[in-house]
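Student: kindly generate the corresponding structure for this input.
(4 chains)
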Protein chains: 4
Amino acid sequence: MSGLDLGMAQKVLDSQPFSSLVGARITAFGDGAATLEIDSRAELHQQNGFLHGGVLAYAADNALTFAAGTTLGPAVLTGGFSIQYLRSATGTALVARAEVVHSGRRQAVARCDLFAVGEDGAETLCAVAQGTVLNANPS
Amino acid sequence: MSGLDLGMAQKVLDSQPFSSLVGARITAFGDGAATLEIDSRAELHQQNGFLHGGVLAYAADNALTFAAGTTLGPAVLTGGFSIQYLRSATGTALVARAEVVHSGRRQAVARCDLFAVGEDGAETLCAVAQGTVLNANPS
Amino acid sequence: MSGLDLGMAQKVLDSQPFSSLVGARITAFGDGAATLEIDSRAELHQQNGFLHGGVLAYAADNALTFAAGTTLGPAVLTGGFSIQYLRSATGTALVARAEVVHSGRRQAVARCDLFAVGEDGAETLCAVAQGTVLNANPS
Amino acid sequence: MSGLDLGMAQKVLDSQPFSSLVGARITAFGDGAATLEIDSRAELHQQNGFLHGGVLAYAADNALTFAAGTTLGPAVLTGGFSIQYLRSATGTALVARAEVVHSGRRQAVARCDLFAVGEDGAETLCAVAQGTVLNANPS
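Tutor: Numbers count the residues shown, from 1 in each chain, chains lettered A, B, ... in the order given. Below is the predicted model:
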């Protein structure tokens, strides 16, 4: 048990200036899973009008870390992650859903699916990630 | 030969709104290598005053892609990458130096070293990345 | 459609001398998924009696590639993969289940779960992987 | 200082039955680096007469782990790694050279270059890897 709930997770996210700059919000947090959402806007695009890969990488990084925070608690360090891009991310928003696949004393490993949300609300998988988050204070 | 030079690479970077939002500039481009630099500022931080991991992930993604652009040409698609964080990134700036390790007809593989620049200009390695960039128009 | 079935996939596997050396068999193949199984034996262990990480890495590599073969056809090249180890792999066998998450003209991206099978047949997740497989003959 | 030398590292390698099955030897060990070598033979091939990707993945996994052992000591756990294949591995032998890029109390991160050795002794880079090794007994 991490002792955190969605409201506290949103406060942690709000305390990250870069997450505010990107415009991320957290819409699910608990039981080994976390969801980040980012509304699309021109500032987040690359040169062809798609969401920049760096926005997806940010979302994967942070969603993986929050998911791990549900099992490891608030004192975590992102160890690293791997991301594969599948399709250009278009539409109105990006949703990053991360889920812990294993959590130990020392670290947690999680996966993340990143979806582009269309005008009609339909989600299209546009990237997948897998990463490791360290417990900053292993007992 | 990609037919691009540093000035043209900076124009491509400037045409990415998200790169402008982050404040990235390209300071080296050619011969299988590219360097991105980002001045540190509060907007790019996480909750403890370090550069957010998402900023490093953005820089790795884009530096790897520009490095590959020196060998594959301008029509590239980032396939994916893996990043490992080594230390918290403090200081005045972030420097991401990427280098192609192999470039074929179909794709290029590159590595990236990410350094935090201290007040005195000293660079400290804070993350390493490795990724794949696809040729969008293989002949 | 790849035009391959389980019997043909087993023939491909049998034509890989290293897969015979390891003792791998393919137990599922089709519809974007493939399963490899390896009976545990002393020759596959590391110094503490667990399956060597290299055996798991082999299984991930090959299961990802066979899964991609169900959508891309037989002419594939493994691009690369990332694997995270979760627990020591003990028990009687290793099962590697891979599934394609996206398949395009150019390449497929797949994930793989690796399970250790206990004496009682119970499966324990011991590693996760994610990788890219290239179509060797994109039309 | 890890308190290990090349002779002791070779003994550790010899105590891994799978490394004996593959036929790996360790030819350099110390100062944050380790080199594994494997003579090519038919048993290690895939269906087209090249070294199987699983052999390269095994070599990357083990070279990364031994390199980390030079800084972390003998009690290590491989956390995971990412490997990208660049070319088919032909020739008489495989050489995997790994180097630690950062070593902390908790874990080390290392990179590995994998070379195919030709009849004439020339080395060709055929894969690159990057991985994390955990200290099993952090003080």
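Student: the helix ranked longest in chain A - what's its average pLDDT?
Tutor: Secondary structure of chain A per DSSP state H: the longest helix is helix A:53-72. The average pLDDT for helix A:53-72 rounds to 98.
Student: that helix near chain B at all?
Tutor: Yes: residues of helix A:53-72 contacting chain B under Cβ under 8 Å from any Cβ of the partner chain: A:G53, A:G54, A:V55, A:A57, A:Y58, A:A59, A:A60, A:D61, A:N62, A:T65. No exception for glycine: its C-beta is placed from N, CA and C like everyone else's.
Student: can you count the residues close to the residue of chain A found nearest chain D?
Tutor: In chain A, the residue that lies nearest chain D is A:S82 (5.5 Å; Cβ to the nearest Cβ). Neighbour count for A:S82, taken as other Cβ atoms under 10 Å in any protein chain shown: 30.
Student: what's the neighbour count on the closest residue in space to A:A34 that isn't next to it in sequence?
Tutor: Nearest non-adjacent residue to A:A34, counting by Cβ to Cβ, 6 or more residues apart in numbering or on different chains: A:F66, 3.7 Å away. Applying other Cβ under 10 Å, we find 25 residues neighbouring A:F66.
Student: repeat for A:P17
Tutor: 17.
Student: show me what contacts A:I83?
Tutor: A:L56, A:A57, A:A60, A:A127, A:V128, A:A129, B:A57, B:G80, B:F81, B:S82 (Cβ atoms under 8 Å, 6 or more residues apart in numbering or on different chains).
Student: next one: the spatially most central residue of chain A from A:L36, what distance?
Tutor: The residue lying closest to the centre of chain A (Cα atoms, centre = their mean) is A:A63, at 1.9 Å. Using Cβ to Cβ, to the nearest Å, A:A63 is found at 5 Å from A:L36.
Student: shared neighbours, these two?
Tutor: Overlap of the contact sets of A:A63 and A:L36 (by Cβ under 8 Å, 6+ apart) consists of A:A96, A:A98.
Student: in chain A, which strand has the most residues?
Tutor: The longest strand of chain A (DSSP state E) is strand A:123-135.
Student: before we move on, back to that, secondary structure element for the residue of chain A closest to chain D, which one?
Tutor: Under DSSP states H and E, the secondary-structure element containing A:S82 is strand A:76-85.
Student: so the helix or strand following that strand, near chain B or not?
Tutor: Per DSSP H and E, strand A:76-85 leads on to strand A:93-103 as the next helix or strand towards the C-terminus. No: in terms of Cβ under 8 Å from any Cβ, no part of strand A:93-103 sits within range of chain B; the closest distance is 11.1 Å.
Student: strands paired with strand A:93-103, and their directions?
Tutor: strand A:33-39 (antiparallel), strand A:107-117 (antiparallel) (DSSP bridges).
Student: roughly how far out does the longest one sit from the chain middle?
Tutor: What it means is strand A:107-117. Put simply, strand A:107-117 sits 6 Å off its chain's centre (Cα atoms, centre = their mean, to the nearest Å).
Student: same question, stretch A:49-69
Tutor: That offset, for stretch A:49-69, works out to 5 Å (Cα atoms, centre = their mean).
Student: and if you look at stretch A:46-56?
Tutor: For stretch A:46-56, the distance from its own C-alpha centre to the chain's C-alpha centre is 16 Å (Cα atoms, centre = their mean).
Student: tell me the buried residues in it?
Tutor: Neighbour-count burial for stretch A:46-56 flags A:Q46, A:Q47, A:F50, A:L51, A:H52, A:G53, A:G54, A:V55, A:L56 (criterion: 16 or more other Cβ atoms under 10 Å in any protein chain shown).
Student: wait, A:H102 touches A:R111, no?
Tutor: No: at 10.3 Å, A:H102 does not count as touching A:R111 under the criterion of Cβ atoms under 8 Å.
Student: higher neighbour count, these two?
Tutor: A:R111 (23 against 20).
Student: OK, contacts around that one?
Tutor: A:L64, A:A98, A:E99, A:V101, A:V128, A:A129, A:Q130, C:R111, C:V128, C:Q130.
Student: so it bridges to which residues?
Tutor: Under DSSP bridges, the beta-bridge partners of A:R111 are A:E99, A:Q130.
Student: measure A:N48 to B:V133 for me?
Tutor: 15 Å.
Student: do the same with A:T71
Tutor: 34 Å.
Student: neighbour count winner among the two?
Tutor: Using other Cβ under 10 Å, the more surrounded residue of A:T71 and B:V133 is B:V133, with 27 against 21.
Student: OK, contacts around the more buried one?
Tutor: By Cβ under 8 Å, 6+ apart, the neighbours of B:V133 are B:64-65, B:67-69, B:72, B:76-79, B:107-110.
Student: low-confidence ranges, chain A, go.
Tutor: By pLDDT under 70, the low-scoring segments of chain A are A:1-3, A:139.
Student: near chain D, which residues of it show up?
Tutor: A:G79, A:G80, A:S82, A:R106, A:Q107, A:V109, A:T132, A:L134, A:P138.
Student: wait, the last one touches A:A108, no?
Tutor: No: A:P138 lies out of contact with A:A108 (Cβ under 8 Å); the separation is 11.5 Å.
Student: between these two, tell me which one has more neighbours.
Tutor: Neighbours per residue, other Cβ under 10 Å: of A:P138 and A:A108, the larger number sits with A:A108, 27 against 13.
Student: now do the contacts for the more buried one.
Tutor: A:A67, A:A68, A:T71, A:L72, A:V100, A:H102, A:T132, A:V133, A:N135.
Student: 6 Å instead?
Tutor: Residues near A:A108 by Cβ atoms under 6 Å, 6 or more residues apart in numbering or on different chains: A:A68, A:T71, A:L72, A:V100, A:V133.
Student: again with A:G118
Tutor: A:G91.
Student: hmm, back to that, buried ones in the strand holding A:S82, by neighbour count?
Tutor: Residues of strand A:76-85 classed as buried by neighbour count (16+ other Cβ under 10 Å): A:V76, A:L77, A:T78, A:G79, A:G80, A:F81, A:S82, A:I83, A:Q84, A:Y85.
Student: how many residues are close by the closest residue to the fourth one other than its chain neighbours?
Tutor: Pointing back at A:G79 there. Closest residue to A:G79 apart from its sequence neighbours, by Cβ to Cβ, 6+ apart: A:T132 at 3.8 Å. Neighbourhood size, A:T132 [other Cβ under 10 Å]: 26.
Student: what's the answer for A:E119, then?
Tutor: 8.
Student: and it, what does it touch?
Tutor: Contacts of A:E119 (Cβ under 6 Å, 6+ apart): none.
Student: helix, strand, or coil at it?
Tutor: coil (DSSP: H, G, I helix; E, B strand; the rest coil).
Student: for it, give me phi and psi.
Tutor: Phi and psi for A:E119, reported as degrees, to the nearest 10, are phi -50, psi -30.
Student: returning to what we had before: if I pick the residue nearest to the centre of chain A, what's in contact with it?
Tutor: A:A34, A:L36, A:A96, A:A98, A:C112.
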